[in-house]
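predicted model, plus sequence, below.
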Amino acid sequence: MKTNFSRRDLGFLLPALTARASAQQGPVQTLPSKVYQHGEIPYEGDSKKKGRRFFYGGTHSGFNLEMHETILGAGTETHAPHKHVHEEIVIVVEGTVEAYLEGKTEIAQAGSVIYFGSNQMHSARNAGTTACRYYVVELRGSEA
């Protein structure tokens, strides 16, 4: 038996299949209480841009959380402006970061905190002459 699906039919079917595939992957593992030692987590990348993920997992309430570190060389941008559902908190540890948010830029010095809200166009760039380093906490909610 041959079945023809219209675009409208597929429009209803694809979200259901995606949800089923996500459910089959299983829940994100709950994060244990732990000290994430600086020397035990290697960086990936090069002198222009490198980073490392400290953790990604769920909390006891099912909220997904990620933390990573990024180091950018002078003048380097993380990526072109983009947006996503999850929120991000950026903690500037060293150097100068130019934060782009919804068409506006603002300089953040070491010790500053940047908040990128859900579905807001954003990016970050090293606006200084030396490397900048920052930590990012991604608040992913119940979605990965």
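Great, that's in hand. Numbers count the residues shown, from 1 in each chain.

pull the number of nearby residues for the nearest residue to residue 60 once chain neighbours are set aside.
Spatial nearest neighbour of residue 60, chain neighbours left out: residue 30 (6.5 Å); criterion: Cβ to Cβ, 6 or more residues apart in numbering. (C-beta placed from N, C-alpha, C; glycine too.) Counted by other Cβ atoms under 10 Å, the residues lying close to residue 30 total 11.

can you name the residues bridging to residue 30?
residue 58 (DSSP bridges).

swap in residue 49?
When bridges are called by DSSP bridges, residue 49 pairs up with residue 72.

which stretches of the chain have low pLDDT?
Low-confidence segments of the chain (pLDDT under 70): 1-27, 143-144.

mind listing what the residue nearest to residue 60 touches?
Each residue near residue 30 by Cβ atoms under 8 Å, 6 or more residues apart in numbering is listed here: 57, 58, 59, 60.

ok, the residues you listed vs residue 117, which is closest?
Using Cβ to Cβ, residue 59 comes nearest to residue 117 of the contacts of residue 30, at 20.3 Å.

pretty sure that closest one contacts residue 65?
Yes: at 6.1 Å, residue 59 and residue 65 qualify as touching, with contact defined as Cβ atoms under 8 Å.
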